[in-house]
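J.: Quick one, fold the following:
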Amino acid sequence: MRGTDTGATAERVLLGDVAERDIDAEIADLSQMLTGIERVLEPDKLREQVAELEDQAVSPDLWDDVDHAQKVTSRLSYAQAELRKVTELRQRVDDLPVMLELGRDESDADAMAEVVRELDELRTLIADLEIRTLLSGEFDEREAVVTIRSGAGGVDAADFAEMLLRMYLRWAERHGFKAEVLDTSYAEEAGLKSATFEVKAPFAYGKLSVEAGTHRLVRISPFDNQGRRQTSFAAVEVVPLIEQTDHVDVPENDIRIDVFRSSGPGGQSVNTTDSAVRITHLPTGLVVSMQNEKSQIQNRAAAMRVLQSRLLVLRRQEEEAQKKELAGDVKASWGDQMRSYVLHPYQMVKDLRTEEEVGNPQAVLDGELDRFIEAGIRWRKQQESVSAS
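T.: Residues are numbered from 1 along each chain as shown. Next comes the predicted model:
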């Protein structure tokens with residue numbers, strides 16, 4: 001009896017401010033949350049998917065089609081990581097009651113401290129994994145094509161566009177996602193007029209689609225010799241990468257193709273041949289330029305792929321708009337300005353939809369975007385639920 005009392009006291013003293021926490025109930029809640037995630041992710045089906053992709057990956061003719069091979073290896077890597085994540089979390093959650101019982105039986109404060117640390121860490125990891133279950137949109141599992149365009153604000157806006165490009169590329173790098181810049185249009189003095197890049201990872205579109213909208217930067221302009229504060233804007237567009245099964249028909253008569261020489265910063269020529277390609281879709285006015293590949297054929301193929309992706313999204317938006325009009329609701333669910341990056345007179349990044357904010361803009365601009373992306377995904381799911389009701 002004395003040992004039990006001592007163990008309970010050790011647990012109570014150890015927890016301090018959280019002494020009233022019911023650890024047993026928290027473990028049960030955590031296990032139930034993970035069970036809900038497992039119902040969505042279906043580990044058994046994940047194992048089947050991994051086995052199927054592994055068979056494809058060892059096929060001797062896999063690399064005869066490089067694009068297909070890269071997709072297979074990317075999907076395999078993602079599926080293996082997903083399966084490993086959910087199985088390891090289940091094992092760790094199932095181990096918690098054993099750890100807790102041992103700590104209590106031995107009246108071991110260190111063991112109890114380890115239980116509390118493990119419980120809190122698992123709660124964070126499971127909450128992160130829960131985000132994946134919210135990506136259930138039609139195109140969420142696709143790779144993403146992202147275009148950044150400078151807006152109002154002159155040279156500061158062009159510089160901001162380049163800062164955003166670096167931010168997203170660093171985010172992709174942090175996660176081990178392959179990102180490929182397809183097109184860059186440099187501004188005269190500094191920065192970018194626009195840039196387009198692909199993120200080649202499963203669910204890249206589902207994650208990055210919440211980044212679409214107008215981003216605002218407030219800072220002391222490094223381009224103003226009087227050191228005045230400047231507000232500038234950049235637009236981010238995110239579309240899912242087109243796949244062969246999408247059947248987006250683009251008749252030759254509907255497009256105009258122009259070729260020109262690629263250029264670098266400040267108009268400096270980086271190519272002596274007319275390899276860059278600009279495709280204009282005449283019915284919609286959509287324009288796509290590609291110049292980062294070495295040949296005109298490669299640039300044309302890349303430009304057509306991005307054009308088809310944008311047409312696919314446009315078609316979906318028109319269908320959704322028609323549905324809303326028939327339902328009597330024509331309000332857009334996303335505002336134009338979605339996030340502010342303030343570097344002066346204080347330091348803050350704030351998402352205007354989710355109210356998520358941090359006081360370290362440099363970390364965000366270095367690619368620490370996950371908390372904003374996750375908050376955006378939760379917010380979008382909440383909006384969808386409200387609309388459905």
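J.: Residue 280 - that's part of a strand, no?
T.: Yes: secondary structure of residue 280 (DSSP: H, G, I helix; E, B strand; the rest coil): part of a strand.
J.: and it, what does it touch?
T.: 255-258, 286-287 (CB atoms under 8 Å, 6 or more residues apart in numbering). Backbone N, C-alpha and C define where each C-beta goes, glycine included.
J.: tell me the mean pLDDT over the helix ranked longest in the chain?
T.: What stands out as the longest helix in the chain, according to DSSP state H, is helix 66-105. Mean pLDDT, computed over helix 66-105, is 89.
J.: Repeat that for stretch 312-322.
T.: Computed over stretch 312-322, the average pLDDT equals 74.
J.: next one: stretch 242-262
T.: Rounded mean pLDDT across stretch 242-262 is 80.
J.: Quick one: end-to-end distance for that stretch.
T.: End-to-end distance for stretch 242-262: 25 Å, by CA to CA, to the nearest Å.
J.: Would you mark the buried spots in that stretch?
T.: Residues 242-243, 248, 255, 262 are the ones in stretch 242-262 that count as buried (16 or more other CB atoms under 10 Å).
J.: Sketch out the helices for the stretch 251-389 of the chain, chain order is fine.
T.: Taking DSSP state H, counting those that start in this stretch, the helices of the stretch 251-389 of the chain run over residues 296-327, 361-365, 370-388.
J.: could I get those as JSON lines with mean neighbour count and distance to residue 340?
T.: Shown next, in JSON lines, are those (neighbours: other CB atoms under 10 Å; distance: least, CB to CB, whole Å):
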{"stretch": "helix 296-327", "mean neighbour count": "16", "distance to residue 340": "26"}
{"stretch": "helix 361-365", "mean neighbour count": "16", "distance to residue 340": "10"}
{"stretch": "helix 370-388", "mean neighbour count": "16", "distance to residue 340": "12"}
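J.: Dump those helices into CSV; add distance to residue 51 as well.
T.: Below are the helices of the stretch 251-389 of the chain laid out as CSV (distance: least, CB to CB, whole Å):
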stretch, distance to residue 51
helix 296-327, 30
helix 361-365, 39
helix 370-388, 29
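J.: Nearest to residue 26, out of those?
T.: Among those, the nearest to residue 26 by CB to CB is helix 370-388 (21.3 Å).
J.: In this structure residue 227 contacts residue 220, no?
T.: Yes: the pair residue 227 and residue 220 passes the contact test of CB atoms under 8 Å, sitting 5.7 Å apart.
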